[in-house]
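Asks: build me a model:
(2 chains)
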Amino acid sequence: MTRTPSAPLSSSRAARRGAARGDGAWPWAFVLPLLTGIGVFFIWPMIQTAYYSFTEWGVFGGTTFTGVENYVRLFADPRLYASLGNTLIYTAVVLLGIPIAVYLASLLNLPGLRFASFYRVLFFLPYVAMPTAVAIVWRIIFNGDFGILNYTLSLVGIDGPYWISTPGTAMFAVAIVGLWSSLGFSMIILASGLKNIAPELYEAAELDGATRWRQFRSITVPLLTPSIFFVTIITVISSFQLFDLLYAILGSTNPVLPKSMSLVYFFYDQGFVQNDKGYASAIAIVIFLIIGLVTLLQFRLQKRWVNHD
Amino acid sequence: MPSFFTNHTSSPGGRARRRAVLSGIGLLAAAALTAGCSTGGGGGATGGEYAAAPKDLKAEITYGVWDQAQVAAIDANIEAFNEVYPDITVNVNVTPWASYWSKLQTQASSDTLPDLFWLNGPNFQVYAANGKIEPITGAVKAGDIDPKNYPEALNELYSLEDTQYGVPKDFDTVGVWVNTALFEQAGVALPADDWTWDDFDTAAQTISTNLKDQGVYGAAGGMDGQTTYYNTILQAGGEVINADQTESEYDSPEAQEGLQFWTDLIANGSSPNMQQLTDTPADQWFTSGKVAMYWGGSWLRPLVGESDVAATTQAFPLPIGKEQATVIHGVSNVVASASKNKQAAQALQVFLASEEAQQQQGDLGAVIPAFNGTQQSFVDSYPTMNLQVFLDALDYAKPLPVSENTAAWNALEVELLPDAFSGDKPVSDVAKEIAEQMNAALAKK
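Replies: Sure thing, here's the model as predicted:
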């Protein structure tokens, strides 16, 4: 669930022109299968969820309309704010991965780098590995008594905490894994952005005596901002959908879980463990609205920093 | 078992529960109640009509289970079943434990439950009360199923308002798995079979002290009610929930004493602390030779058997508090009341309940079969481990505490009890809080 398939980057101009001219039914015939899929598997369930959020479910289905009761209950529920806070911490840490990805991607893009594709594969591997498998390995790494992380720390005299069983550190531990596993995806997007930067710019800068670092700051980063913007949007959305990593790393019986829930975990717990599906629908709608709002905000703010030539 | 490292085979690994059934209510009243008590959705229980299936009955049915490890035994059962009913095709549907219950929930909501399926204690009542499963009354009346063949506590577990719905398939009880090598190293004598809480504490402390430099602990506390605190609560003479399952008993002095047992164990250093037990679950501490005594279910047998400590492991009965007690739980086979091939499903249910099928389960499976007298192969599977302990426990076993909405208060235990065990809050405060919230959950139903 932390993974979001890459959405179409931008509607290309050609497509827009075609639609505007109105070529009759043919274009529709071609997109119909896709539209049907979206309609059946996305739009309709969304409408249903919105409806169910105003109902209370019987144990085995059978709904009673209760109006806004679920929402009233939800906004008075401290768990909503706690899980929102946890999700924000996670998002903040994972976002730190983007500058790292920018820097690593530009290194990998250096002309004449040997084994470049090998490194690319190396960085991308965590992204394609199954989240649960990744989580199990990290769970072992984080183990307070026998984990390699605390062992390494002990070599330099640091007494490491019980990473995944201490309320304060558990969310950071999960976020570190999230950062690590999303690097590869960000780097792929950024690398394709880098390919679009004209090599002449670097040649010119070199003639002017600009250092590598200066070139990175004054050419690479500004011209990469559209890609960075896209990666940021995707990262924020997928961070707000944090579930599988948290579930697999912390384990469903971890005592710190109630204090380290993410929004989606809160949804899962209410809907599928407690079987309170009406309430869970309300949570899902609130998550949807929060993500929409945050994304809108990012689009507003992009004018300040994204470079459109 | 709640760890995702261990793939718990047999039953419900840590999360099974139940609670007694009021034998006090008269039969007539019960019959009336059965129809009346369903909440929302479903109708009341149907009568449990039954007629033995003719041998040439033609049908295709599904059998829903969650444990891949038992499929070999199930296949053998079905092969034997088909010798009697050659025209009934049985499709076995295995759904992993983690998604079994949400899938079942969905299937029940749309009346597409498997014709025959496994049900556990904590989830039983909600299905029975909402008329989703068929009582076995008919088969019992016809003499095709005799509840006397199974442990009394399990029949009780799968009865609601004096009507039995499920036929016990297997059972598990709890004992102390002991690493005798660590006892020897620490210079502690092995316990007697009638040991007490004090004997246990002394052994745990002595081992922890003597083997501290090896990182070995005498015992392990635990977050799993079925294997730890439910047992001590019962042994202290308490209950988790009252007999008619309407009120929490967590705030009784006996229950608090049962919880205190585990708090003390951690506080005096006999057990790893809560964080250590979260990072590395207690059963792993044991199987890696770092804990000398582990309270665990009979389902631990395959795990111990494959571990490095297999040769030096022996099972002991749980130590005695005010009284001797262990929690018992087992899976049962139930027929969906909306099944389109009810007769065929009931035929399979009856067959699986037979001595022949249960013996097959015992010989091939990873579980203790429920049919009295078919359990010897479990004991024989590891002759050195003294597994007889788990069978003897039947004499003093009490059903797992459950109610109609078990999940609601199980979640409270997971959330609130750690503060008591870690010593962050006094046991009495936590017990009171659980009782309050649990009562609220029980009142809602």
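
Asks: tell me the contacts of residue 52?
Replies: Here I'm looking at chain A. Residue A:52 makes contact with A:63, A:277, A:278, A:281, according to CB atoms under 8 Å, 6 or more residues apart in numbering or on different chains. From N, CA and C alone the C-beta is placed, and that goes for glycine too.

Asks: oops, wrong one, chain B.
Replies: Contacts for residue B:52 (CB under 8 Å, 6+ apart) come out as B:142, B:144, B:347, B:350.

Asks: you'd agree the third one is in a helix?
Replies: Yes: residue state for residue B:347 (DSSP: H, G, I helix; E, B strand; the rest coil) corresponds to a helix.

Asks: can you tell me which residues contact it?
Replies: The contact partners of residue B:347, by CB under 8 Å, 6+ apart, come to B:52, B:53, B:57, B:81, B:85, B:88.

Asks: same thing but 10 Å
Replies: By CB atoms under 10 Å, 6 or more residues apart in numbering or on different chains, residue B:347 lies in contact with B:50, B:52-55, B:57, B:59, B:61, B:81, B:84-85, B:88, B:116, B:139, B:144, B:335, B:341.

Asks: what count of nearby residues applies to the residue of the stretch 1-150 of chain A found nearest chain B?
Replies: Nearest residue of the stretch 1-150 of chain A to chain B: residue A:58, at 2.9 Å (CB to the nearest CB). Here the number of neighbours of residue A:58 (other CB atoms under 10 Å in any protein chain shown) works out to 19.

Asks: could I get the phi/psi values of it?
Replies: With angles defined as degrees, to the nearest 10, residue A:58 sits at phi -70, psi 170.

Asks: hmm, it is touching residue A:276, no?
Replies: No: with contact defined as CB atoms under 10 Å, residue A:58 does not reach residue A:276; the gap is 11.2 Å.

Asks: rewinding a little: the contacts of residue B:347, buried ones only, as a PyMOL selection?
Replies: In PyMOL, a selection of the buried entries from those looks like this (16 or more other CB atoms under 10 Å in any protein chain shown):
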select buried, chain B and resi 50+53+59+61+81+85+88+116+139+144+335+341
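
Asks: ok, the residue of the stretch 1-150 of chain A closest to chain B to residue A:238 distance?
Replies: Using CB to CB, to the nearest Å, we find residue A:58 at a distance of 34 Å from residue A:238.

Asks: those strands in the stretch 1-150 of chain B, which residues are they?
Replies: For the stretch 1-150 of chain B, applying DSSP state E, counting those that start in this stretch gives strands covering B:59-65, B:88-94, B:116-119.

Asks: among those strands, which is the most enclosed?
Replies: The highest mean neighbour count among the strands of the stretch 1-150 of chain B, using mean count of other CB atoms under 10 Å in any protein chain shown, belongs to strand B:116-119: a mean of 25.

Asks: other SSEs contacting it?
Replies: Identification of packing neighbours for strand B:116-119 by 3 or more CB pairs under 10 Å, 6 or more residues apart in numbering or on different chains; DSSP states H and E yields strand B:59-65, strand B:88-94, helix B:97-109, helix B:121-129, strand B:332-335, helix B:342-352.

Asks: figure out how far the helix or strand hosting residue A:94 is from the centre of its chain.
Replies: Residue A:94 belongs to helix A:78-95 when assigned by DSSP states H and E. Between the centre of helix A:78-95 and the centre of its chain there are 13 Å (CA atoms, centre = their mean, to the nearest Å).

Asks: surely residue B:388 touches residue B:379?
Replies: Yes: between residue B:388 and residue B:379 there is a contact at 5.2 Å, judged by CB under 10 Å.

Asks: distance check, the residue positioned nearest the centre of chain B against chain A.
Replies: Compute the mean C-alpha point of chain B, and by CA atoms, centre = their mean the closest residue is residue B:329, 3.0 Å away. Going from residue B:329 to chain A by CB to the nearest CB, to the nearest Å gives 17 Å.

Asks: these two touch, right, that residue and residue B:154?
Replies: Yes: using CB under 10 Å, residue B:329 is in contact with residue B:154, at 8.0 Å.

Asks: grab the most central residue of chain A for me.
Replies: Taking CA atoms, centre = their mean, chain A has its central residue at residue A:238, 2.3 Å away.

Asks: just to check, that one is in contact with residue A:182?
Replies: Yes: with contacts counted by CB under 10 Å, residue A:238 reaches residue A:182, the gap being 7.3 Å.

Asks: now the strands for the stretch 51-200 of chain A?
Replies: With DSSP E, counting those that start in this stretch as the criterion, the stretch 51-200 of chain A has strands at A:55-57, A:63-65.

Asks: report the buried residues of the last one.
Replies: Think strand A:63-65. By 16+ other CB under 10 Å, the buried positions in strand A:63-65 come out as residue A:63.

Asks: partners of that strand, with directions?
Replies: Using DSSP bridges, strand A:63-65 pairs in its sheet with strand A:55-57 (antiparallel).

Asks: outside of the partner strand, which residues touch it?
Replies: By CB under 10 Å, 6+ apart, strand A:55-57 touches A:62-67, A:69-70, A:271, A:275-282, B:40-41, B:109.

Asks: filter the residues you listed down to the buried ones, PyMOL style.
Replies: This is the PyMOL syntax for the buried subset of these, where burial follows 16+ other CB under 10 Å:
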select buried, (chain A and resi 63+69+70+271+275+276+277+278+279+280+281+282) or (chain B and resi 41+109)
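
Asks: the contacts of strand A:55-57 in helices, which ones?
Replies: Counting by DSSP state H, the contacts of strand A:55-57 place A:69, A:70, A:277, A:278, A:279, A:280, A:281, A:282, B:109 in helices.

Asks: ok, which pair from those residues is furthest apart?
Replies: The span of the ones in helices among the contacts of strand A:55-57, defined through CB to CB, is set by A:69 and B:109 at 21.3 Å.

Asks: who in the stretch 51-200 of chain A is up against chain B?
Replies: Residues of the stretch 51-200 of chain A lying near chain B by CB under 10 Å from any CB of the partner chain: A:56-64, A:132, A:135-136, A:139-140, A:142-147, A:150, A:161-166, A:170.

Asks: buried subset of those residues?
Replies: Buried among those (16+ other CB under 10 Å): A:56-61, A:63, A:135, A:139, A:142-144, A:147, A:150, A:161-166, A:170.

Asks: could you list the low-pLDDT ranges of the stretch 1-150 of chain A?
Replies: A:1-22 (pLDDT under 70).

Asks: what about residue A:96, neighbour count?
Replies: Neighbour count of residue A:96, defined by other CB under 10 Å: 12.

Asks: related to what we said a few turns ago, let me see the backbone angles for the residue nearest to the centre of chain B.
Replies: phi -150, psi 160.

Asks: low pLDDT regions in the stretch 301-445 of chain B?
Replies: Regions of the stretch 301-445 of chain B meeting the criterion pLDDT under 70 cover residues B:445.

Asks: excluding sequence neighbours, find me the nearest residue to the residue of it found nearest chain A.
Replies: The stretch 301-445 of chain B approaches chain A most closely through residue B:418 (3.5 Å), counting by CB to the nearest CB. Leaving aside its chain neighbours, residue B:418 sits nearest to residue A:255 (3.5 Å; criterion: CB to CB, 6 or more residues apart in numbering or on different chains).

Asks: repeat for residue B:289
Replies: Leaving out its chain neighbours, the residue that sits closest to residue B:289 by CB to CB, 6+ apart is residue B:309, at 5.2 Å.

Asks: wait, doesn't that neighbour sit right on residue B:216?
Replies: No: with contact defined as CB under 10 Å, residue B:309 and residue B:216 do not form a contacting pair (11.8 Å).

Asks: so residue B:201 sits against residue B:268, correct?
Replies: Yes: under the criterion of CB under 10 Å, residue B:201 makes contact with residue B:268 at 8.1 Å.

Asks: neighbour count for these two, which is higher?
Replies: For the pair residue B:201 and residue B:268, the greater number of neighbours falls to residue B:201 (18 against 14), based on other CB under 10 Å.
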